[in-house]
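Trainee: I would like the atomic coordinates for the input below:
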Amino acid sequence: MAVEIRPLQDVSADVESVRQIAYATWPDTFREILTTAQIDYMLAWLYATERLHNQVRTGEHVIHLAEVDAMPVGFVAHQLNYPTAGTAKIHKLYLLPTQQGKGIGRMLIDTVREAASQADQHAVVLNVNKYNRATNFYRANGFAQAGEEVIDIGGGYVMDDLIMRCAL
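Mentor: From the prediction side, this is the model:
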């Protein structure tokens, strides 16, 4: 199993890979937490092709793909100096369910940590649904709860999140 973590190269093809991974991962990740309607709403909102292209083009998000034997299996999107100077934020991190537990998620986090360290960031933060089993994964990778946040995302839905932080 050859694992490679790489930045987006062919943006159109790679954005489509990100979308496919998200659409394959979200139902498994959130089916016991969110309604199907909210999952559909959030996927359409967060993973609209044009939105992802804009985030990459403007530098709002830096996205890295995880590939196993040249097949995309996961991704991480992060931003430096967000929400404040000196802090990097992981906006998204998803792996296909068949690839979880193999160390690839840690590799994606390490990619962000390395980029953040090189940019003189002092911490990495992320939001995660408070009922998402990934909270255990983040804790095992050095993150600790730094707060809670309920975000109104429209459509009658909210994101009920933990804010997690890892010092660098």
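
Trainee: Which stretches in this structure count as helices?
Mentor: Listed in chain order, the helices of the chain (DSSP state H) span 11-30, 36-46, 49-58, 104-118, 134-140.

Trainee: now for those, which one comes closest to residue 81?
Mentor: Nearest to residue 81 among the helices of the chain is helix 104-118 (9.7 Å), distances taken as CB to CB. The C-beta positions use only the backbone N, C-alpha and C, and glycine is treated the same way.

Trainee: Give the buried residues for that closest one.
Mentor: For helix 104-118, the buried set under the neighbour-count rule, 16 or more other CB atoms under 10 Å, comprises 104, 105, 107, 108, 109, 111, 112, 113, 115, 116.

Trainee: which residues touch stretch 48-65?
Mentor: Surrounding stretch 48-65, the residues in contact under the criterion CB atoms under 8 Å, 6 or more residues apart in numbering are 5-8, 11-12, 14-19, 45, 72, 74-80, 91-92, 108, 111-112, 115.

Trainee: With stretch 75-86 instead?
Mentor: Among residues not part of stretch 75-86, those counted as contacts by CB under 8 Å, 6+ apart are 17-18, 21, 55, 60-66, 87-94, 108-109, 111-112, 115-116, 119-125.

Trainee: That stretch - what's its average pLDDT?
Mentor: On average, the pLDDT along stretch 75-86 is 96.

Trainee: list the buried ones in that stretch?
Mentor: Neighbour-count burial for stretch 75-86, counted by 16+ other CB under 10 Å, picks out 75, 76, 77, 78, 79, 80.

Trainee: And for stretch 117-130?
Mentor: For stretch 117-130, using 16+ other CB under 10 Å, the buried residues are 121, 123, 124, 125, 126, 127, 128, 129, 130.

Trainee: I'd like the helices of the chain as a markdown table, with mean pLDDT and distance to residue 146 appended.
Mentor: A markdown table is the format used below for the helices of the chain (pLDDT from 0 to 100; distance: least, CB to CB, whole Å):
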| stretch | mean pLDDT | distance to residue 146 |
| --- | --- | --- |
| helix 11-30 | 97 | 22 |
| helix 36-46 | 98 | 22 |
| helix 49-58 | 96 | 24 |
| helix 104-118 | 98 | 16 |
| helix 134-140 | 98 | 11 |
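
Trainee: Any chance of the ones you listed in JSON lines with distance to residue 162 as columns?
Mentor: Rendered in JSON lines, the data for the helices of the chain read as follows (distance: least, CB to CB, whole Å):
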{"stretch": "helix 11-30", "distance to residue 162": "15"}
{"stretch": "helix 36-46", "distance to residue 162": "17"}
{"stretch": "helix 49-58", "distance to residue 162": "23"}
{"stretch": "helix 104-118", "distance to residue 162": "16"}
{"stretch": "helix 134-140", "distance to residue 162": "6"}
